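J.: Attaching a predicted model along with its sequence, questions to come.
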Amino acid sequence: MGFSAPGPTALGEATVDLDAYRGNLDAIMRRIAPAELMAVVKGDAYGHGLMPIVSTAIEQGVRRFGVLESAPGLLLRAAGIGRDIALFAWLLGPDDDFRALIEAGIELGISRLEQLRAIEACGAAERALLHLKIDTGLHRNGATAEEWPELVRAALALEQAGLAEVYGVWTHIAEASDEEDTEAVRRFENAIRMAEDLGARFTVRHLAASAAGYAREDCRFDMVRVGAFTYGIAPGGGVGPAQLGLTPVMTLTAPVTSIGLGRDGLVGVLPLGWAHGLPSAAAGLLPVTIDGRRFPILDVAQSHTVVDLGAEGQKALGERVQVGDTAVIYGRPDRGELTLQDWADALGTIGEELIVRVSPGIPRRIVAADGNAAETTNGTA
């Protein structure tokens, strides 16, 4: 296969539209009201960029963030995100610095007695804010029904000693079926009643994430943790972002770096491959969009992707695709582009799984509301 001389060497770009993010936040907050929104920003805000996403959400009135792990929570505090903004971390291990977390005012999701013992022993100068987690069937951390009374009693003992405040109660649900979610709600409410009988007084109760929070009022309680939906990532199964009134926030593009003759006509090369997060299974299933026209993906190699430009490689206006042209891998349907949801549906997965695989080496172009680039981060391959 012979190709023309290499063109641009840039990997491409992941454009993050903060205006779309703002619109999604507004739509979600209206949908779940009067419950409060906790915007989940795990995984560098699902690969969109932690600081610009958090700053934008604060501007839109969001006051609670789920950070998952300790590091992003401490990073946000060090960057100047004050105590008026709640940060919630729940993936906590024995190597975490509980004293640093507590003294940074980061709220802690507690599933096990060992975590309470670590809090008691850490010598923090402040009280820990605890959200106690009950497992309601998903089996993603959380105390079992048998363990729950002991966890509550131990947390209340810390509260009595002035070391903690039993602030919240929470769980994850599977969102697998309405019947399973209804059962999870019942188990959650039973666990709350049991804890209250033991003396707990919770300020905040939260069960639902994106899908259940959007669909079911009985799952919202005081707060809904929403991650994927805030970025315009839909749950799939025939439901895309447009049906939810949401807009995809990230557009992934790459330049055509070379053009040559393949077995059946012209082919173009894009400098992104499976090492950058593009699934190799996309070959033969999905196209990219160049100037409004779709060109099938022939192969996804480690460092590049080959697309079929056809016998003449013609664009919609009759001009040949050229080196330097921009190929949209996924973006927004209102621009005639495939969406992340189209990719997920074709590959039998969910959009969240695809977007978190996008390499941090691909530069992120953060676009402000006026359409201008507010910031560009230079990735490394």
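T.: Noted; the coordinates are in hand.
J.: Provide the contact partners of stretch 190-198 at residue level.
T.: 132, 134, 136, 145, 148-149, 152-153, 156, 169, 171, 202, 205 (Cβ atoms under 8 Å, 6 or more residues apart in numbering). The way it works is simple: take the backbone N, C-alpha and C, and place the C-beta from them, glycine included.
J.: can you give me how far that stretch is from the chain middle?
T.: How far stretch 190-198 lies from its chain's middle: 32 Å, per Cα atoms, centre = their mean, to the nearest Å.
J.: C-alpha coordinates for that stretch, CSV please?
T.: Coordinates of each C-alpha in stretch 190-198 appear next as CSV, following Å, rounded to 0.1, in the frame of the first residue of the first chain:
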residue,chain,number,x,y,z
ASN,A,190,-35.1,-0.3,55.6
ALA,A,191,-31.4,0.3,56.3
ILE,A,192,-32.1,4.0,57.0
ARG,A,193,-34.9,3.1,59.5
MET,A,194,-32.6,0.6,61.2
ALA,A,195,-29.8,3.2,61.5
GLU,A,196,-32.2,5.8,62.8
ASP,A,197,-33.5,3.3,65.4
LEU,A,198,-29.8,3.0,66.5
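J.: Domain-wise, how is this protein divided?
T.: 2-14+248-377, 18-230 (automatic domain parsing).
J.: Could you dump those into a markdown table with mean neighbour count added?
T.: Supplementary listing: these in a markdown table, determined by neighbours: other Cβ atoms under 10 Å:
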| stretch | mean neighbour count |
| --- | --- |
| domain 2-14+248-377 | 18 |
| domain 18-230 | 19 |
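J.: Minimum distance to Gly240: which of these has it?
T.: Distance to Gly240, taken as Cβ to Cβ, is lowest for domain 2-14+248-377 among the domains of the chain, at 4.5 Å.
J.: Quick one: mean pLDDT for that closest one?
T.: The predicted model gives domain 2-14+248-377 an average pLDDT of 85.
J.: ok, back up a step: so which of the contacts of stretch 190-198 sit within helices?
T.: Trp148, Pro149, Val152, Arg153, Leu156 (DSSP state H).
J.: Could you check the pLDDT of Ile28?
T.: 97.
J.: Need the phi and psi values for it.
T.: phi -70, psi -40 (degrees, to the nearest 10).
J.: check contacts around it.
T.: Counting by Cβ under 8 Å, 6+ apart, Ile28 has contacts Leu37, Tyr214, Val226, Phe229, Thr230, Leu246.
J.: Of these, which belong to helices?
T.: Going by DSSP H, the helices hold Tyr214 from the contacts of Ile28.
J.: Next, format the domains of the chain as JSON lines and append distance to Gly238.
T.: Below are the domains of the chain laid out as JSON lines (distance: least, Cβ to Cβ, whole Å):
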{"stretch": "domain 2-14+248-377", "distance to Gly238": "8"}
{"stretch": "domain 18-230", "distance to Gly238": "13"}
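J.: End to end on stretch 247-261, go ahead and measure it.
T.: Stretch 247-261 has an end-to-end distance of 37 Å (criterion: Cα to Cα, to the nearest Å).
J.: try stretch 73-90
T.: Terminal-residue distance, stretch 73-90 (Cα to Cα): 11 Å.
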